[in-house]
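Undergrad: Predicted model and sequence follow; I will ask about them next.
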Amino acid sequence: MLRLGFIPFSYYVIADCFDFHSHKSISAEVLFKQIRFTGLEALSLIFTISFVLSVLIIAQGYPILTSIGQQALIYDILIVSIVRDGGPFIVCFIVLARSGTAITTELGNMVVAKEMDALNAMGISLISYLVVPRVLGMLFSVILLMSYFVLAGTLSSFLTVSLFNHMPLVRFISELLNQLTLVDLIIMFAKVVLCGLLVALISCFHGLKVNKAITEVPQRNIKAVGQSLTIICIVHLVLSSTLLLDLGVL
Amino acid sequence: MNLSLRKIHHKLQGRDVFNNLNLEVQCGECCVIKGVSGSGKSLLFSMLCDIVRPQNGCVVYNNVCLPDMDKSQYYSYKKQTGAIFQLPALISNLTLKENLLLPLNQFCNDLSYQDKLKIIESKCEEIGLHNQLELRTDHLSIGMASLVGVIRATILQPSVIIWDSPICEVDCHWADYEINLIKNLKNSGVTQILFSNRRVISTLADSVYQLKSGLCYAA
């Protein structure tokens, strides 16, 4: 279906994102549906994973740190695992598993069912109507999901710490914020935004690359998942390494 | 609104499907194109709807080649051309109403949502689906879905209709509806290009062509 390579395809999509208002009459509905599916319907899953992960980290780490008198380090550990490194990786992975595969399958099936031809015949741009709202929806959603993840992680960490050592919520939050730097937040947003964008582009690209046969859909899905996972790992490694280099750790 | 094909050459997997094919359809003409399976009817349909571009030659709309059109000419071509597919080709994750809103949202930004809804309801009343506007189209039978496809293509009252295999997917009752629709469109001066081997469709035509050996002959 799609004759463009990935780089020109991404260029057209990103350029069209800035022109969203000109085709919002047809694309806005798709954008809202994508945000609902990727951002809102994944809320319980993200909340559960973040909650359990934070409980495990605190339950394992807090007694050990207390035994060596270093309980203040728990905030650093939380920031690394929930905000800066672990959280973004888990969120991107969940977005890929839920929404990336769904996008590739949906677009691929639309090609096979000639729905793309019908859109073409109506003069509706496939990039404006199908790709741009999905990419923007994924971007909004990863930011939303990351916010859920941090909120749920902070809440469950506080509850778990309270089991070991009674502490007011205000104090817990202020200690956490004292350790949190702007760089941590920038790294977190950079990771989720870059990964969200690339996962959405890769998923849409492979969905539109399906030609005629329904058997191409799972094949394209496998390629999309493989490439997206590689990209997620590269983005996380590069951004984390940059930070560590900046801090003089590496 | 005249539509023509000029010197079309097209190969698929090394085989010449069209070899210097020419065709001229005048404004208001009802033209039927026949051909055995594999003769290239669906490919020609896709070229006329600008889903597939020919490797050589061009499709000409109002004396302008499609690739040479500027944005507003192309917009006008798409607005004035309704394509009806053999398969319904409705967007399966949308409801019936959302499917019919697509061309209206694309081309009629001056209409309010309520006005668009009224148009959709009155069109759906013709085929008895006005109470099922919120139904997803994958829940419709093929016959009813293909009628929705007909409505989607005609909802903007285009001046050219390109129709792949009319009356193929519907029962006798709805086949009569589609035949009457073709007659009404013809009387209203709409240019029609119908791809069909059915005799009943040929009887409605002003001109009948046969696709054979990559060329289009008057039948």
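TA: That came through, no problem.
Undergrad: Could you find the residue in chain B that comes nearest to chain A?
TA: In chain B, the residue that lies nearest chain A is B:Lys78 (2.8 Å; CB to the nearest CB). C-betas here are computed from N, CA, C, even on glycine.
Undergrad: My guess is that residue contacts A:Asn120. True?
TA: No. B:Lys78 is beyond contact range of A:Asn120, at 9.2 Å (criterion: CB atoms under 8 Å).
Undergrad: so what's in contact with these two at the same time?
TA: Taking CB atoms under 8 Å, 6 or more residues apart in numbering or on different chains as the contact rule, B:Lys78 and A:Asn120 both touch B:Asp50.
Undergrad: neighbour count winner among those two?
TA: B:Lys78 (24 against 20; other CB atoms under 10 Å in any protein chain shown).
Undergrad: dump the residue contacts of B:Thr154.
TA: B:Gly82, B:Lys123, B:Ile161, B:Leu181, B:Leu185 are the contacts of B:Thr154 under CB under 8 Å, 6+ apart.
Undergrad: For the first one, give the beta-bridge partners.
TA: Counting by DSSP bridges, B:Gly82 is bridged to B:Ile161.
Undergrad: show me what contacts it?
TA: B:Ala153, B:Thr154, B:Leu156, B:Pro158, B:Val160, B:Ile161, B:Ile162.
Undergrad: Now for the last one, how many residues are close by?
TA: Each residue near B:Ile162 was counted by other CB under 10 Å, and the total is 27.
Undergrad: Surely it and B:Gln80 touch.
TA: No. When contacts are counted by CB under 8 Å, B:Ile162 is not listed as touching B:Gln80 (11.2 Å).
Undergrad: Show me what the lowest-mean-pLDDT helix or strand in chain B is packed up against.
TA: Across the helices and strands of chain B, mean confidence by mean pLDDT, DSSP states H and E is lowest for strand B:215-218: a mean of 77. When contacts are defined as 3 or more CB pairs under 8 Å, 6 or more residues apart in numbering or on different chains; DSSP states H and E, strand B:215-218 sits against strand B:15-25, strand B:207-212.
Undergrad: can I get those strands in TSV with mean neighbour count?
TA: Below are the helices and strands packed on strand B:215-218 laid out as TSV (neighbours: other CB atoms under 10 Å in any protein chain shown):
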stretch	mean neighbour count
strand B:15-25	17
strand B:207-212	18
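Undergrad: export these to CSV and tack on mean pLDDT and distance to chain A?
TA: Formatted as CSV, these follow (pLDDT from 0 to 100; distance: least, CB to the nearest CB, whole Å):
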stretch, mean pLDDT, distance to chain A
strand B:15-25, 89, 16
strand B:207-212, 90, 20
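Undergrad: Let me know the secondary structure of whichever residue of chain A sits closest to chain B.
TA: Taking CB to the nearest CB, chain B has its nearest neighbour within chain A at A:Gly123, 2.8 Å off. Assigned by DSSP: H, G, I helix; E, B strand; the rest coil, the conformation of A:Gly123 is coil.
Undergrad: can you pull the pLDDT of the residue nearest to it when sequence neighbours are not counted?
TA: Nearest non-adjacent residue to A:Gly123, counting by CB to CB, 6 or more residues apart in numbering or on different chains: B:Lys78, 2.8 Å away. B:Lys78 is assigned 94 on the pLDDT scale.
Undergrad: what does whatever helix or strand B:Lys78 lives in rub up against?
TA: Assessed by DSSP states H and E, B:Lys78 sits inside helix B:71-80. Applying CB under 8 Å, 6+ apart, the contact partners of helix B:71-80 are A:121-123, B:1, B:50, B:61-62, B:64, B:66, B:69, B:107, B:156, B:158-160.
Undergrad: B:Leu3 versus B:Cys65, what's the distance?
TA: 12 Å (CB to CB, to the nearest Å).
Undergrad: no, scratch that, I was asking about A:Ser44
TA: In terms of CB to CB, A:Ser44 sits 54 Å off from B:Leu3.
Undergrad: Could you do A:Gln70 as well?
TA: As judged by CB to CB, A:Gln70 and B:Leu3 stand 80 Å apart.
Undergrad: neighbour count winner among these two?
TA: Per other CB under 10 Å, whichever of A:Gln70 and B:Leu3 has more neighbours is B:Leu3, with 24 against 12.
Undergrad: contacting residues around the residue nearest to that one when sequence neighbours are not counted?
TA: Using CB to CB, 6+ apart and skipping the chain neighbours, the partner closest in space to B:Leu3 is B:Val25 (4.9 Å). Neighbour list for B:Val25: B:Asn2, B:Leu3, B:Ser4, B:Cys31, B:Thr191, B:Ile193, B:Ser207 [criterion: CB under 8 Å, 6+ apart].
Undergrad: Out of the residues you listed, show me where the pLDDT dips lowest.
TA: B:Asn2 (80).
Undergrad: And the most centrally placed residue in chain A, how close does it get to A:Thr242?
TA: In chain A, the C-alpha nearest the mean C-alpha coordinate belongs to A:Cys92, at 3.4 Å (CA atoms, centre = their mean). With distances taken as CB to CB, A:Cys92 is found 17 Å from A:Thr242.
Undergrad: next one: A:Arg84
TA: Taken as CB to CB, the span from A:Arg84 to A:Thr242 is 12 Å.
Undergrad: Tell me where the chain has helices.
TA: Answering for chain A, as no chain was given. All helices of chain A, identified by DSSP state H, fall at A:6-17, A:24-34, A:43-67, A:73-78, A:86-95, A:101-112, A:115-121, A:126, A:132-164, A:169-179, A:182-208, A:216-247.
Undergrad: You answered for a different chain; I wanted chain B.
TA: According to DSSP H, the helices that chain B contains are B:41-48, B:71-80, B:96-107, B:113-126, B:142-154, B:172-187, B:199-202.
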